[in-house]
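J.: Quick one: sequence and predicted model below, then my questions.
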Amino acid sequence: MHNPVAHYLREQLPKRPGFTVNPVQLDYAEAICAGLARPGQFHFNEASTGIGKSLAYLLCLADWVARGHQHGRRAVISTHSRSLQRQLLAESNQAIIADYLAWQGLPALTMGLRMGRQNYVSPTRLALRLGAPDLSTVVVDLGRPSSERELAQWALETEGCLLDLMPEQLPDGLTPQDIALTDHEPTPAALSEHYDAMRSSDLLVINHTLLAIDLVTQGQVTAAEEPYALLLDEAEHYPEAAEQALSQRLSFRSTLTLLRSMGLKTATRAWQTLFDDFRSPARAGEVVIPGAAEQQVMVDALSGLLRARPSADRHDDTTWQEWRQVRQEADAILRHLRNTQGPQRVLLQHSPVEGLPGLVVPAPAAGASLKANAEKRVTLLTSATLSDLQHGPGEAPTFDFMRGRLVMGASDSRMGLTEAFEPLTFGDLTFQFPADMPAPLYKTDAGHHELAPTFAKRAIREILASGKGRTLVLCGSYHDVAVLKRHWPADAASRLVTHAAGEPLNQIAESLPRDAILVTPAGWEGLSPQRQDGQSYWATVVILRNPRPAPSAVEHFTLAQSLMATAGRADEASRMATVLQTRQDGTKAAHKLRQGIGRAIRHPDDSATIVILDPRFPRPDGERPGEGMRTATELLGAIPHRFMGRYRLARKKVKEESRKPRRVAVTDFM
């Protein structure tokens, strides 16, 4: 059957500068179009990083919507990362979509982006930080710097997306996080108008958190109705995003601080007692079901909070909105505690370091929310790391990990097409594995793990010795960034660029000098600067340490509870939960590492070096990690198959040439 999208990708798109025919992209587009023709099912399409899957599915969705435009067709695209959301709506992509629709004689379509509130400016907080009663005052104050007046004007006249700001546009000492809109503030008028406009977009881009809310509220965010198509890119992140969005949480300390600031003396005394009684550094990181006596104390404190009747006119808008949010969470948790059929759903959680108490009502099977009203739409899941990364070249992929997170059995009739697309030749990678690396983490006196100074210093030497050209260093956390920055040598300070939370990463990356070293925990996926002068943007990508997520105490607890019927005993259920959680976290780590490696290759002619510093990654020479460390064999699945053959050959070569320098280079020549 003739596929117009594949035909366009093969015949028309290559006429544009910088585009070539990619057979894997054509096959992927065919699969997306095939899925769009089968509503009511879940279609799983894994596609290797760099093959052009984003453009392919955008064209497929645009074609599908335009051909049914008179029947009200729409498409919703949900992603995990903000960088990918904005990349999808890049002018270049919109121009290609418009060109395709005109080429096919189809109607023009609108595209929109709906992001979470924290991505937009708070006019109230910005005015406060500028020392003014409101932004209008700032705009007309000619005694102020022009940068401040322009910033205020921008916040008043646009929806105020913080990702549009560069750091130099903000006054010294001010970060985007300082002026971000919180969940407790009223929605500014300009942003409210923007949200309303986005609800009518033909192709709407949102994030996974908003999607989860949209599905359980039956379209409150997107207003999407049958017929529509839902595509999830970076789909493996949806279950976690849904769990976070649909769980209910209440921090004892934050609640106490709010009550005290509002002058609610009776409720403050009750919550001070509650905080003091349940705070326990000895139980740091633990999650338990509160006993009957503890539950009653919590019921009394929550009831007292809900009986409080503060006056709105005595508090600013931000405090009042926070009060409303706390009341809403308290009311929901109280109803769970009073529900005699299931009070065990309310958990008492102690923070990992200080043992600060809080209540949480988890949503352990929140991934299943994706099945809501699935019969009324087409559902497409895609990512470079959607499968379990266990299949070899030519083998059928397995999606057991993802199916389990969505609570779908292997024989579920809603399972549709399942395919994986990886090029046989695409790019050129060189892998380096420095030998004798120390342990990446150490346990502090406070009981939590941090990047070890000895590892950081050695890592910096390897990063600086990795070669010329731009270097991307992928960290595990912003704390890793701080540790590297603290030990960075002064004579190399001009090369170092660190990324702070909330800063627009893609904009920072795109403006880097040729010898810059960008250190960030946020660039594992969605970071795709354009290649320059016919060369790959990154000369080197450094993996600092294993990206395995920190174990979630709440997740372990809820897993153990669900396994009690099978295990029969609490200790056995806990053991089984540990095994299952370890396996799942290993898959997540392999997914993230594959995405990180993919930052290096965005074009068939790209070439780059991947430096893996963590000694726990399997070394091609068989070197074992140091004492107390285990080889993370599950991470081998992160290396694309087209590089594994050379990896194995190099392992044999290393054994034969044992006197070679300790740094091992593994190159796959296409």
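T.: On my side now, so go ahead.
J.: Can you pull the poorly scored residue ranges out of the stretch 501-650 of the chain?
T.: Filtered on pLDDT under 70, the stretch 501-650 of the chain yields the residue ranges 645-646, 649-650.
J.: now do 50
T.: Residue ranges of the stretch 501-650 of the chain with pLDDT under 50: none are present.
J.: Next: the chain.
T.: 343, 653-654, 658-670.
J.: Show me how the record splits it into domains.
T.: 4-114+199-245+367-421, 117-185, 248-361, 428-549+579-667 (automatic domain parsing).
J.: Can you tell me which of these is nearest to residue 566?
T.: Between residue 566 and the domains of the chain, the tightest spacing by CB to CB is seen for domain 428-549+579-667, at 11.1 Å. Backbone N, C-alpha and C define where each C-beta goes, glycine included.
J.: can you list the domains of the chain in TSV and add distance to residue 561?
T.: Supplementary listing: these in TSV, determined by distance: least, CB to CB, whole Å:
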stretch	distance to residue 561
domain 4-114+199-245+367-421	15
domain 117-185	29
domain 248-361	7
domain 428-549+579-667	13
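J.: Could you export the ones you listed as CSV, including mean neighbour count and distance to residue 566?
T.: Below are the domains of the chain laid out as CSV (neighbours: other CB atoms under 10 Å; distance: least, CB to CB, whole Å):
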stretch, mean neighbour count, distance to residue 566
domain 4-114+199-245+367-421, 19, 15
domain 117-185, 17, 38
domain 248-361, 16, 17
domain 428-549+579-667, 18, 11
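J.: For stretch 184-192, buried residues please.
T.: Neighbour-count burial for stretch 184-192, with 16 or more other CB atoms under 10 Å as criterion, is recorded at 184, 185, 188, 190, 191.
J.: closest to residue 556 out of the domains of the chain?
T.: It's domain 428-549+579-667; of those, that one is closest to residue 556 (CB to CB) at 5.5 Å.
J.: which residues are in contact with the helix or strand harbouring residue 611?
T.: Using DSSP states H and E, residue 611 maps to strand 607-612. Contacts with strand 607-612, where a contact means CB atoms under 8 Å, 6 or more residues apart in numbering, come from 427-434, 462-463, 466-467, 536, 538-543, 597, 600-601.
J.: Report the backbone C-alpha coordinates of stretch 366-374 in PDB.
T.: The C-alpha trace of stretch 366-374 is given here as PDB (Å, rounded to 0.1, in the frame of the first residue of the first chain):
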ATOM      1  CA  ALA A 366      -0.900   4.600  38.300                       C
ATOM      2  CA  GLY A 367       0.500   3.400  35.000                       C
ATOM      3  CA  ALA A 368      -2.800   1.600  34.400                       C
ATOM      4  CA  SER A 369      -4.500   5.100  34.100                       C
ATOM      5  CA  LEU A 370      -3.300   5.000  30.500                       C
ATOM      6  CA  LYS A 371      -6.000   2.400  29.800                       C
ATOM      7  CA  ALA A 372      -8.800   4.800  30.600                       C
ATOM      8  CA  ASN A 373     -11.100   5.200  27.600                       C
ATOM      9  CA  ALA A 374      -8.400   3.600  25.400                       C
END
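J.: Check the offset of the strand holding residue 611 from the chain's centre.
T.: Remark: strand 607-612 is offset 23 Å from the chain centroid, using CA atoms, centre = their mean, to the nearest Å.
J.: picking that back up, from the contacts of strand 607-612, which ones fall inside strands?
T.: Judged by DSSP state E, those include 428, 429, 430, 431, 432, 540, 541, 542, 543 as members of strands.
J.: how close does the first one get to residue 603?
T.: Right, the one you point to is residue 428. Counting by CB to CB, to the nearest Å, the gap from residue 428 to residue 603 is 11 Å.
J.: likewise the fifth one?
T.: When CB to CB is the yardstick, residue 432 and residue 603 sit 22 Å from each other.
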